[in-house]
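> Quick one: sequence plus predicted model below, questions after.
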Amino acid sequence: MNTENNESVHLLDYWQILYARKEIVIAVALLMILAGIVITRAMPRVYSATALIQVQRERTDIDVFAPSFRGYDPYFLRTQFEIIRSVPIMEEVVRELNLNEELGRAYGYWERLSTAASFDRTVNLVRSKMLLNIHRDTDLISVTMKFDKPEKPDGEAANMAARTANMVARVFQTWTLRQSREAKEGALGVLEQELEDQNRR
C-alpha cells in the first residue's frame, strides 16, 4: 500500500514539473517536428519500381510417374540471383535503354569521362541502384530499382526506375531463353553426331 502511494506521489511530482514547464515542453516538441519536416524536405526524393520474375529450373525430360511436388531449391535461386546482377546483364540493360548518356548527365560524369569509362560507371551505378529479393518458398525474385535522378518535374526518376526494372526482367528472360536454346542445340548436335557414327558402322 505504501509503495503504491509512493509511486502515485512520484507520478504526481513528474506531472507537476512538466505542467510547470509546459512552454518549454511544447517548444521542444515543436522544434523537433520542425526539424523533422526540414530534414525530410531537404532529402532527395527517391523513386522505386519493382518487377517480379518467376524462375524455374528447366526439366529436360518428363517423368509421368514422378511426384509433382518440387522442393524449394535455394542454390538454384541464388544462382539466378547472381546472374541477374551480373555485369553482362547490366551492360545489356544499359545498352537497351541507352542509359549511359542520360544517367551520365544526371549524375554529372558524362562530360569528364571517356565513353568507355562512362559506360562502366553507368553499369556500376545501375547495379548499385538495384535491390534483389528472393521470395522464400517460391520461384519468385523481385527486382527493385531506386533512382533519385534525373530530377525533372515530370517524374523522370520514377519513370527511369520503372523502365530499368522492367528491362532487367526482359534481358534476363532473353538470356535464359538463349541459354536454353544453345543447350538444346548442343545436345541435338551431339545426338546427330552419334547417329552418324552409328550409321557408318
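That came through fine.
> Quick one: the strands in the chain, in order.
For the chain, applying DSSP state E gives strands covering 47-54, 130-134, 140-147.
> Can I get the ones you listed in CSV including distance to Arg170?
In this view, the C-beta of every residue, glycine as well, is placed from N, C-alpha and C. Shown next, in CSV, are these (distance: least, CB to CB, whole Å):
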stretch, distance to Arg170
strand 47-54, 9
strand 130-134, 14
strand 140-147, 11
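> Ile84: what's it in contact with?
53, 132, 141, 143, 168, 172 (CB atoms under 8 Å, 6 or more residues apart in numbering).
> cool, and Pro150?
Residues in contact with Pro150 (CB under 8 Å, 6+ apart) are 102-103, 105-106, 156-157, 160.
> the helices in the protein, which residues?
Here the chain has its helices, by DSSP state H, at 2-20, 22-42, 74-84, 87-97, 99-107, 115-128, 156-200.
> now those as a markdown table including mean pLDDT?
Output for the helices of the chain, formatted as a markdown table (pLDDT from 0 to 100):
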| stretch | mean pLDDT |
| --- | --- |
| helix 2-20 | 70 |
| helix 22-42 | 87 |
| helix 74-84 | 86 |
| helix 87-97 | 95 |
| helix 99-107 | 90 |
| helix 115-128 | 94 |
| helix 156-200 | 86 |
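> Closest to the centroid, which residue in the protein?
Leu131 (2.2 Å; CA atoms, centre = their mean).
> Now do the same for the closest residue to it other than its chain neighbours: its pLDDT.
The shortest distance from Leu131 to any non-neighbouring residue, by CB to CB, 6 or more residues apart in numbering, is to Thr144 (4.3 Å). Each residue has a pLDDT score; the one for Thr144 is 95.
> okay but Thr144 is in contact with Thr50, surely?
Yes - using CB atoms under 8 Å, Thr144 makes contact with Thr50 at a distance of 4.5 Å.
> For Lys129, what are phi and psi?
Note on Lys129: its backbone torsions stand at phi -90, psi 0 [degrees, to the nearest 10].
> cool, and Asp139?
Dihedral angles (degrees, to the nearest 10) for Asp139: phi -100, psi 20.
> quick one on the thing from earlier: and the strands of the chain: which comes nearest Met90?
Judged by CB to CB, the one of the strands of the chain that comes nearest to Met90 is strand 130-134, at 8.1 Å.
> tell me what that closest one is packed against?
helix 74-84, strand 140-147 (3 or more CB pairs under 8 Å, 6 or more residues apart in numbering; DSSP states H and E).
> I'd like to know how far Ala42 sits from Ala35.
Going from Ala42 to Ala35 by CB to CB, to the nearest Å gives 11 Å.
> And for Arg201?
Separation of Arg201 from Ala35 (CB to CB) stands at 86 Å.
> Comparing the two, which residue is more hemmed in?
Ala35 (10 against 4; other CB atoms under 10 Å).
> Residue ranges of each domain in this protein, please.
Using automatic domain parsing, the domain parsing of the chain gives 2-41, 46-57+72-176.
> could you dump those to CSV with distance to Gln193?
What follows is the domains of the chain, written out as CSV (distance: least, CB to CB, whole Å):
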stretch, distance to Gln193
domain 2-41, 67
domain 46-57+72-176, 26
